[in-house]
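>>> only the shape, not the letters, is given here:
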C-alpha cells in the first residue's frame, strides 16, 4: 500500500495569494484501502510537509506506531527509531500534492514544468478535460495523462500506460478553503494491475497551512542505524 501514498494535486482558490507565502502543510489523514482480493486496510495518522526541507513525514498512529519518510522517490519505514525498510515509489517530492499546492502548480499537475504537452482540450458540460502527451523519449514508459477541471478546481486525473490502458484514476472531492488555498478533504483512487482493481479513499481533517509548531516533526531525521 505504501507505493500508492504519493498523493497528487489540488488547485488554488480564486483568491490570488502569492504562493511563496505558503511553505508548510500539516493534516490528519485516514486511508481506507481495499484490494482486488477483498483485503481491507485502515491507516491513520498525521502528515507534515515543509517545501524548504523537501521531505514528507507520515506520523502513523494506526494500525501501529511508525514513521514513514519520503525523500525524493524513496520511502523509509521507521519503527522504534530504526529504519526497518525502504522502497522506491513512482513520483518524487516535486509531484506530491503538498508540494504542488504550496507552489501554486496545481491545476496542471505541474506538467507545464515537464516535457509533457497538451494534445487536446475538450469541454464536457461543466468540466474542461485536457489530454497531456509524454515526450517521444518517454512514450515507451508512459501514456497520456488526462486532467478534468470543474469550477477552476481539479476534479479528476487519469493515468494511462504506453498501450493506452488506464492504470490509475483519482477523484478529488469536498474542497475546503484554508488560508486562501483550496484543499480536497477526500481523494478517491483506483489502481489497476493485471486487470485487477485496488481502491483507496484518503480523507484529510484538521488541515493547517504555515504551522509554526513542532519543528522537529517537519525536519524529522532518518536514523543512521
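Yep, it's here. Just so it is clear, the model here is predicted, and its values are computed rather than measured. Residues are numbered from 1 along each chain as shown.

>>> ok, now which ones touch residue 194?
Residue 194 makes no contacts at all, as judged by C-beta atoms under 8 Å, 6 or more residues apart in numbering. Just so you know, the C-beta spots here come from the backbone N, C-alpha and C atoms, and that holds for glycine as well.

>>> pLDDT score for it?
Listed pLDDT for residue 194 reads 87.

>>> which residues in this structure form helices?
For the chain, the helices defined by DSSP state H occupy 97-103, 215-218.

>>> ranking those helices by burial, who's on top?
Of these, the one with the most neighbours on average (mean count of other C-beta atoms under 10 Å) is helix 97-103, at a mean of 22.

>>> other SSEs contacting that helix?
In terms of contacts (3 or more C-beta pairs under 8 Å, 6 or more residues apart in numbering; DSSP states H and E), helix 97-103 is packed against strand 24-34, strand 40-50, strand 181-193.

>>> could you dump those to a markdown table with distance to residue 77 and mean neighbour count?
Supplementary listing: the helices and strands packed on helix 97-103 in a markdown table, determined by distance: least, C-beta to C-beta, whole Å; neighbours: other C-beta atoms under 10 Å:
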| stretch | distance to residue 77 | mean neighbour count |
| --- | --- | --- |
| strand 24-34 | 15 | 19 |
| strand 40-50 | 12 | 18 |
| strand 181-193 | 20 | 19 |
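
>>> nearest to residue 216, out of the ones you listed?
Closest to residue 216 of those, according to C-beta to C-beta: strand 40-50, at 9.6 Å.

>>> residues contacting the closest one, please?
1, 23-35, 55-63, 96, 98-99, 102, 214, 217-220.

>>> now do the worst-scoring helix or strand of the chain on mean pLDDT: distance to the chain's middle.
Lowest on mean pLDDT, DSSP states H and E among the helices and strands of the chain sits helix 97-103, with a mean of 85. How far helix 97-103 lies from its chain's middle: 9 Å, per C-alpha atoms, centre = their mean, to the nearest Å.

>>> and stretch 158-166, by the same measure?
That offset, for stretch 158-166, works out to 19 Å (C-alpha atoms, centre = their mean).

>>> now it: average pLDDT?
Stretch 158-166 comes out at a mean pLDDT of 95.

>>> ends of that stretch, what's the gap?
Using C-alpha to C-alpha, to the nearest Å, the end-to-end distance of stretch 158-166 comes to 7 Å.
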